[in-house]
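Enquirer: structure for this input, please:
(one chain, ligands or ions: 1)
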Amino acid sequence: GQSMKDLFRFSVAYWHTFRGTGSDPFGAPTLKRPWDDGTDSVENALKRVDVAFEFMTKLGAEFYCFHDRDVAPEAPTLKQANANLDKVVAKLKDKQKETGVKLLWGTANLFSHPRYLHGAATSCNADVFAYAAAQVKKAIEVTYELGGENYVFWGGREGYTNLFNTDLNRELAHLAKFMHMAHDHAKAIGFKGQFLFEPKPKEPTKHQYDFDAAACLNFIGRNGLDGVIKLNLEANHATLAGHSFMHELEYARIHNALGSIDANTGDLLLGWDTDQFPTDIYLTTQIMLVILEQGGLKPGGTNFDAKVRRESFDPVDLFHAHIGGMDAFARGAKIAAAIRKDGILPEFVKTRYASYDSGIGQKIDTGKASFAELEKYMLEKGEAAPNTSGRQEWIENLINQYV
Ligand code: XYL
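Expert: Next up is the predicted model:
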């Protein structure tokens with residue numbers, strides 16, 4: 001019954017779309033954005049805001065997301081960096097008002113500057129921890145000021161390269177402390193946006209603490225942060241961890257932690273985070289099956305954490321790439337809705353587990369019985385348990401019938 005707009009809540013990633021240069025670990029920048037003089041000055045940052053809002057308005061994107069350092073330049077001191085941010089945020093605020101484009105989430109870049117070489121909240125240096133805390137404090141404040149509906153923590157370099165020089169227990173304790181401090185500050189200033197962890201198993205560190213949905217949920221649960229932090233799941237991060245994206249989504253959903261998604265490709269062969277735009281209808285159908293089951297993503301949304309390839313010099317491609325991504329989602333949603341409407345899949349799942357509710361369930365409650373009682377039941381029955389069916393090929397072909 002909800003509108004398509006409410007269902008997707010599409011968002012543009014400021015960093016890829018307006019700051020992307022086409023550089024990669026092996027090569028220098030290849031892209032020269034026509035609006036960009038290449039400098040990281042406040043003046044240039046302000047000009048970029050005009051372009052960004054024109055782009056998003058023409059695209060019909062309802063939301064955007066940013067890191068503090070995407071929108072305003074880094075500076076030698078915290079005070080100067082905060083002042084830079086304030087100048088740009090004032091303009092972002094005006095532009096949001098003028099265009100109606102909203103902030104889906106804000107976050108802090110705690111990974112680009114060399115000071116974060118060994119992490120931010122999990123750094124081995126206390127000054128780095130303090131600087132990161134101050135940076136997140138400010139980023140939460142500007143997110144609040146801009147009406148951001150969520151705040152994301154992707155653990156950039158919160159992880160390790162070598163366990164021999166790492167006090168794992170201490171670093172996890174620091175991270176927990178940091179998250180409680182962030183939550184306390186959000187409460188103190190009245191920010192009601194949803195906190196989201198974004199799992200990623202590796203890159204840039206060798207092993208990241210927020211490895212996957214399960215690792216994040218374990219951290220949240222054992223540190224008394226249940227209900228405080230949900231998850232922002234990214235397709236390419238799921239496959240990097242060896243999961244399908246649907247697995248990560250469903251795992252989060254059943255724990256009431258599916259908050260938002262970073263949409264890109266979910267090609268299982270990807271060994272690194274290429275951030276390609278989603279084009280695979282099979283993938284978007286799987287995504288939408290889980291999102292429809294949950295009844296939407298609000299206050300989260302669908303952020304295109306994706307970039308045009310290195311060889312693309314034409315900014316118009318940025319536009320087409322987003323349209324293509326939106327189109328893939330619309331098709332996936334249509335197929336997922338049709339599958340749900342037909343009821344074939346839910347009915348099949350129901351019949352697979354029917355023996356729990358009837359048959360054995362009427363004689364003995366498997367949830368309450370002891371092992372001894374179950375043994376007695378089987379001995380009395382005298383037959384071995386039957387073989388079961390999953391109809392794997394039939395199920396996997398289901399989507400193709402709707403394409
Ligand atoms: C990088 C991550 C980030 C987060 C925000 O792999 O996707 O861009 O989305 O920090």
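Enquirer: A strand includes Leu103, no?
Expert: Yes: membership of Leu103 in a strand is supported by DSSP: H, G, I helix; E, B strand; the rest coil.
Enquirer: now do the contacts for it.
Expert: Applying Cβ atoms under 8 Å, 6 or more residues apart in numbering to Leu103 gives the contacts 63-66, 92, 96, 143, 146-149. In this view, the C-beta of every residue, glycine as well, is placed from N, C-alpha and C.
Enquirer: for those residues, work out which two are farthest apart.
Expert: Spatially, the most separated pair among the contacts of Leu103 is Leu92 and Glu149, at 14.8 Å (Cβ to Cβ).
Enquirer: who has more neighbours, these two?
Expert: Leu92 (25 against 21; other Cβ atoms under 10 Å).
Enquirer: quick revisit: now, the contacts of Leu103 that are in helices?
Expert: Assigned to helices by DSSP state H, the following of the contacts of Leu103 qualify: 92, 96, 143.
Enquirer: got those as a markdown table, with pLDDT and distance to the ligand columns?
Expert: Shown next, in a markdown table, are the ones in helices among the contacts of Leu103 (pLDDT from 0 to 100; distance: Cβ to the nearest ligand atom, whole Å):
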| residue | pLDDT | distance to the ligand |
| --- | --- | --- |
| Leu92 | 98 | 17 |
| Gln96 | 98 | 20 |
| Thr143 | 99 | 13 |
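Enquirer: gap between the residue of the stretch 1-150 of the chain found nearest the ligand and Asn218?
Expert: Using Cβ to the nearest ligand atom, Thr107 is the residue of the stretch 1-150 of the chain that sits closest to the ligand, at 4.9 Å. According to Cβ to Cβ, to the nearest Å, Thr107 stands 22 Å off from Asn218.
Enquirer: ditto for Trp154
Expert: Distance from Trp154 to Asn218, by Cβ to Cβ: 18 Å.
Enquirer: more neighbours, these two?
Expert: Legend: neighbour count by other Cβ under 10 Å for Trp154 and Asn218, higher for Trp154 (23 against 12).
Enquirer: how about the closest residue to that one other than its chain neighbours, what does it touch?
Expert: The shortest distance from Trp154 to any non-neighbouring residue, by Cβ to Cβ, 6 or more residues apart in numbering, is to Glu198 (3.8 Å). Residues near Glu198 by Cβ under 8 Å, 6+ apart: 152-155, 210, 231-234, 237, 262.
Enquirer: repeat that for 7 Å
Expert: 152-154, 232, 234, 262 (Cβ atoms under 7 Å, 6 or more residues apart in numbering).
Enquirer: tally of neighbours for the closest residue to Glu373 other than its chain neighbours?
Expert: Leaving aside its chain neighbours, Glu373 sits nearest to Ile364 (6.4 Å; criterion: Cβ to Cβ, 6+ apart). For Ile364, the tally of surrounding residues (other Cβ under 10 Å) stands at 14.
Enquirer: Ile364 touches Tyr377, doesn't it?
Expert: Yes: the pair Ile364 / Tyr377 is scored as a contact, 5.1 Å apart, by Cβ atoms under 7 Å.
Enquirer: what about stretch 353-360, start to end distance?
Expert: Stretch 353-360 has an end-to-end distance of 11 Å (Cα to Cα, to the nearest Å).
Enquirer: tell me the buried residues in that stretch?
Expert: Of all the residues in stretch 353-360, those buried under the rule 16 or more other Cβ atoms under 10 Å are Ile360.
Enquirer: check this protein for the residue nearest the ligand and tell me.
Expert: In the chain, the residue that lies nearest the ligand is Trp154 (3.4 Å; Cβ to the nearest ligand atom).
Enquirer: distance check, that residue against Leu196.
Expert: Taking Cβ to Cβ, one finds Trp154 at 9 Å from Leu196.
Enquirer: repeat that for Gly271.
Expert: 25 Å.
Enquirer: quick check, Ile399 in contact with Asp280.
Expert: No: applying Cβ under 7 Å as the test, Ile399 and Asp280 come out as separate, 11.0 Å apart.
Enquirer: neighbour count: these two, which is higher?
Expert: For Ile399 versus Asp280, neighbours defined as other Cβ under 10 Å are more numerous around Ile399 (19 against 16).
Enquirer: who's in contact with the more buried one?
Expert: The contact partners of Ile399, by Cβ under 7 Å, 6+ apart, come to 282, 285, 335.
Enquirer: tell me which helix or strand Gln362 sits in.
Expert: Per DSSP states H and E: Gln362 is located in helix 360-363.
Enquirer: quick one: name the residues of the stretch 1-150 of the chain near the ligand.
Expert: Counting by Cβ under 6 Å from any ligand atom, the residues of the stretch 1-150 of the chain close to the ligand are 67, 107.
Enquirer: strands along the stretch 1-150 of the chain, start to end?
Expert: Counting by DSSP state E, counting those that start in this stretch, the segments of the stretch 1-150 of the chain that form strands are 10-13, 63-67, 102-107, 150-154.
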